[in-house]
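Chemist: below are the sequence and a predicted model; questions follow.
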Amino acid sequence: MPDSQPTLIFGKNGQLGRAFQNILLNKPNVIFLGRTDCDLTKADQIKHVLEKYCPKVIINASAYTSVDRAESEPELANLVNCEAPKIMAEYISKVDQGTFFHYSTDYVFDGSKEIPYQEDDFTKPLGQYGKSKLHGEEAIQKVFFNNQQNSLSNYYILRTSWVYGDGGNFIRTMLRLGSEREHLKVIDDQFGVPTSAEWLAEVSLQILNRSLPSGIYHAVPDGETSWYSLAKYAIECAIQYGAVLKVKPEAIRAIPAKEFPLPAPRPYNSRMNNQKLKNALQENFPIWENQVSEYVKNNFAIKAL
């Protein structure tokens, strides 16, 4: 991490922000900001914070992530997911050798492709959340394109999916429900890649240390699964590690998404090809099962859920 100028990390209380805190808490000149420190819906507050700290690295781990609520709050989603990162990008693009990290989502795709999505595939978000994230991607790219002749700064937009860590997430919800109920119903016709927030933070720091070319990268582990298979695997792991659950893996029923309607449509295919990032880092990625198993072991083994 750069020592002379601060690294500013927005979204300290989210799953990714907490992962960065676990890794960087004792590092010098790393400043973590939450909602009470800077309201990302207010442009003047963002600009004030940037002028106050003069960061050389900005990691935007914040986001509006309420997928269903975004259908009725598109303006708010756009403020946080597009306008706020645009302001950050405008600042860092003018900093010599500055670096900007932003995190996007599988929801920028409509899920109609039958194989994993690549970075340059056509984007077509289905709902307001995905649209706000895509607008953020486009705004950041435009800012850096307009300033490319005046700066040596870099930007990295990391698209990821099904993130879990320290906070509310699908795995935690399934294990809680599994401790309360003897039967569960989980969607089995939507596919993606579970991604550890801790791993995503570590990958981000690898990118920073190696100064990869600017651009969009798909940052997910290897493999793929459905929500149903993920729930069943997480519960199997918890039982293996000693957690006492009411539900048994065989009592989890697979259902199609149409049986569980939600306000916002979800892509059926959220799988993303991670080869570009693996090639850039010149290393292999872990498979999702190993990360989920470790997460369950560390967080739920012989513990009250």
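Modeler: Now that the structure is in, tell me what you want to look at. Numbers count the residues shown, from 1 in each chain.
Chemist: what residues does stretch 29-48 touch?
Modeler: 1-13, 17, 20-21, 24, 49, 53, 55, 62, 76, 79-80, 83-84, 87-88, 91 (Cβ atoms under 8 Å, 6 or more residues apart in numbering). For the C-beta atoms, the positions are set from N, CA and C on the backbone; glycine is no exception.
Chemist: using CSV, list the CA coordinates for stretch 240-257.
Modeler: Extracted in CSV, the C-alpha atoms of stretch 240-257 (Å, rounded to 0.1, in the frame of the first residue of the first chain):
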residue,chain,number,x,y,z
GLN,A,240,-20.0,-31.6,9.3
TYR,A,241,-18.4,-29.0,11.5
GLY,A,242,-20.8,-29.6,14.4
ALA,A,243,-23.6,-27.1,14.0
VAL,A,244,-27.0,-28.3,15.3
LEU,A,245,-29.6,-27.7,12.6
LYS,A,246,-33.3,-28.7,12.4
VAL,A,247,-33.1,-29.1,8.6
LYS,A,248,-31.4,-32.0,6.9
PRO,A,249,-29.8,-31.6,3.5
GLU,A,250,-32.3,-34.0,2.0
ALA,A,251,-35.2,-31.9,3.3
ILE,A,252,-34.2,-28.9,1.1
ARG,A,253,-36.5,-28.7,-1.8
ALA,A,254,-35.4,-27.3,-5.2
ILE,A,255,-38.0,-24.9,-6.8
PRO,A,256,-38.0,-22.8,-10.0
ALA,A,257,-37.6,-19.0,-9.6
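Chemist: flag every buried residue along that stretch.
Modeler: 241, 243, 245, 247, 249, 252 (16 or more other Cβ atoms under 10 Å).
Chemist: what are the phi and psi values for the residue lying closest to residue 217 once chain neighbours are set aside?
Modeler: Of all residues not flanking residue 217 in the chain, residue 277 sits nearest, at 4.3 Å (Cβ to Cβ, 6 or more residues apart in numbering). With angles defined as degrees, to the nearest 10, residue 277 sits at phi -70, psi -40.
Chemist: what does the one 4 residues further on give?
Modeler: Dihedral pair for residue 281: phi -90, psi -10, per degrees, to the nearest 10.
Chemist: what's the pLDDT at the nearest residue to it once chain neighbours are set aside?
Modeler: Once flanking residues are discounted, residue 281 sits nearest to residue 206: 5.9 Å by Cβ to Cβ, 6+ apart. For residue 206, the model assigns a pLDDT of 96.
Chemist: helices or strands next to the helix or strand hosting residue 206 in the packing?
Modeler: Per DSSP states H and E: residue 206 is located in helix 197-210. With contacts taken as 3 or more Cβ pairs under 8 Å, 6 or more residues apart in numbering; DSSP states H and E, helix 197-210 sits against helix 15-24, strand 99-105, strand 154-160, strand 163-164, helix 275-281.
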